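Participant: model this:
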Amino acid sequence: MNTRNTLIEITKLLHKAQGLLAMVTESQPKPIPGKPPQPHYTQKTETEIWNAWDKLRAKGEFSANTAWLIAKNKQHLPTPMDSFYSAILSKWWRQGYIKRTREGRGPLPAFYKIPN
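Facilitator: I've put the predicted structure just below:
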């Protein structure tokens, strides 16, 4: 067998090993990263939600509307609701800091939960 054929065979084996490694890595449970890092002081809305982290955890399941009420310490929602809250919660869900318990669609809000 010549050198070229040997190198081709080694390349095939490496690709197969990389595929197996990726499959095993993805099948492992992902660690919950905990609380997101404190946002920069100019990120006012994200800081408000970050400061309400413990209250949201105690609440259990919450939506962006609930997060707004808790962060602002209010009783009634404004109309229209600040969409930044929904965007920040979605970002934290994608990053793994919170879990989405129900997906929102149209006028129905998404619901989230902070893992223990």
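Participant: against Thr3, how distant is the spatially most central residue of the chain?
Facilitator: Closest residue to the average C-alpha location of the chain: Trp93 at 2.1 Å, with Cα atoms, centre = their mean. If you measure Trp93 against Thr3 using Cβ to Cβ, to the nearest Å, the figure is 51 Å. From N, CA and C alone the C-beta is placed, and that goes for glycine too.
Participant: where's His40 relative to Thr47, distance?
Facilitator: 8 Å.
Participant: between those two, who's got more neighbours?
Facilitator: Neighbours were counted for His40 and for Thr47 using other Cβ atoms under 10 Å; Thr47 has more, 16 against 9.
Participant: per-residue pLDDT, that one?
Facilitator: Thr47 carries a pLDDT value of 94.
Participant: for it, which non-adjacent residue is spatially closest?
Facilitator: Pro39 (5.0 Å; Cβ to Cβ, 6 or more residues apart in numbering).
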